[in-house]
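Okay, structure incoming, though there's no sequence with it:
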């Protein structure tokens, strides 16, 4: 999708002695919240609640983005520019809440137009500076480590990630509205993601409107088109068969040489046991989506221009990895709101991909099924379909 240029995001400019100056300045308002309460009186819990990260992580984030956000001396005029810290605080407060620009502006003591400019600038800076360093597929050595961690959970070797999708609600455009309406009848982007054993995002696809079939989202992804180069090439000998690195998907995905899924239909004891072992692996992708939406509440419904929504989602995924790496506190009560939301606005069920299971994938799955049945106790599903 080609994103349109948003006219009202062009910075306000003026001409002084033939030079054009950019102005993103704070108005004369109350700065108690930022200058006094946050900087001097905020507790650790209040930092987490307002900005979804600790103060130490916030300051590190400021250092990472400073070069992109710091006002350039040649553009300064008489009024004081908004500091890097305050720009980032404004953006984080917006991402962590469902508040409108006006509300954020009242809290932070700046005009709503400045809030919007700060928000867009910081989101773009996160995606430009941080995203490539925080969302990436592992190399061979890291993939071996991840596979070991997955094997500790589900006893299946060579798994390096879980794949799944979710829908993020947006405000759709007036023209092309129907393109964004998903099968549950609400407007969204259809997001696809791969996560590792820790629930960190490793690959994300955020460009398809909600009406787009899950199979199309998957088959148009760079992961599907370039799996041979994106997934590290390495095999592990399991019962005299070389098993490559694999990603786990639900039954809607095709069975491929690098994508493993469970058996369906009438199951033998061994097939049912395989599914039970396999289903202990993808928990991390569900956990990642839950924590992502719980921490960054803007994802409950993105209330900015639809064309900028993919940037917002990508920035939230990047910040998710950033704070998870820092091991910042996650308040479990945040998840309750996500659970309640998905009862009121249920997620569309996954479309089944029409692509046939590959021969190589079928042979590989049967071999792993045999390996599990010969080396581990047979397990039964607690709830049968």
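Now that the structure is in, tell me what you want to look at. Note that this is a predicted model, so its numbers are computed, not measured.

and residue 362, what helix or strand is that in?
helix 359-375 (DSSP states H and E).

Show me the strands in the stretch 51-200 of the chain, by range?
For the stretch 51-200 of the chain, applying DSSP state E, counting those that start in this stretch gives strands covering 159-169, 188-195.

Go through those and name the closest to residue 230.
Counting by Cβ to Cβ, residue 230 lies closest to strand 188-195 out of the strands of the stretch 51-200 of the chain; the figure is 9.5 Å. Where C-beta positions appear, they are placed from N, C-alpha and C, glycine not excepted.

packing partners for that closest one?
strand 159-169, strand 201-209, helix 214-219, helix 283-295, helix 309-326 (3 or more Cβ pairs under 8 Å, 6 or more residues apart in numbering; DSSP states H and E).

6 Å instead, please
Applying 3 or more Cβ pairs under 6 Å, 6 or more residues apart in numbering; DSSP states H and E, one finds that strand 188-195 contacts strand 159-169, strand 201-209, helix 283-295.

what ranges of the stretch 1-150 of the chain fall below the confidence cut-off?
1-32, 36-40, 73-79 (pLDDT under 70).

Helices of that one, start to end?
In the stretch 1-150 of the chain, the helices defined using DSSP state H, counting those that start in this stretch lie at 44-51, 55-69, 84-95, 101-108, 112-125, 131-134, 140-154.

Output these in JSON lines; the columns should cover distance to residue 316.
Compiled in JSON lines, the helices of the stretch 1-150 of the chain are given as follows (distance: least, Cβ to Cβ, whole Å):
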{"stretch": "helix 44-51", "distance to residue 316": "13"}
{"stretch": "helix 55-69", "distance to residue 316": "13"}
{"stretch": "helix 84-95", "distance to residue 316": "6"}
{"stretch": "helix 101-108", "distance to residue 316": "16"}
{"stretch": "helix 112-125", "distance to residue 316": "9"}
{"stretch": "helix 131-134", "distance to residue 316": "11"}
{"stretch": "helix 140-154", "distance to residue 316": "22"}
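
winner for burial among the ones you listed?
helix 84-95 (a mean of 24; mean count of other Cβ atoms under 10 Å).

list the helices and strands that helix packs on?
Partner elements for helix 84-95 (3+ Cβ pairs under 6 Å, 6+ apart): helix 55-69, helix 101-108, helix 112-125.

Can you check which of those helices gets nearest to residue 240?
Judged by Cβ to Cβ, the one of the helices and strands packed on helix 84-95 that comes nearest to residue 240 is helix 55-69, at 47.8 Å.

and the angle from that closest one to helix 309-326?
140 degrees (axes from the mean of the first three to the mean of the last three Cα atoms, to 10 degrees).

closest one to residue 47 among the helices and strands packed on helix 84-95?
Within the helices and strands packed on helix 84-95, the stretch nearest residue 47 is helix 55-69; the backing value is 4.9 Å (Cβ to Cβ).

any idea what sits nearest the spatially most central residue of the chain, other than its immediate chain neighbours?
When Cα atoms, centre = their mean is applied to the chain, the residue found nearest the centroid is residue 317 (3.1 Å). Closest residue in space to residue 317, ignoring its immediate chain neighbours: residue 201 at 4.6 Å, by Cβ to Cβ, 6 or more residues apart in numbering.

and the one you found, what are its bridge partners?
For residue 201, the beta-bridge partners are residue 195 (DSSP bridges).

residue contacts, it?
Applying Cβ atoms under 6 Å, 6 or more residues apart in numbering, we find residue 201 in contact with 135, 193, 195, 317, 321.
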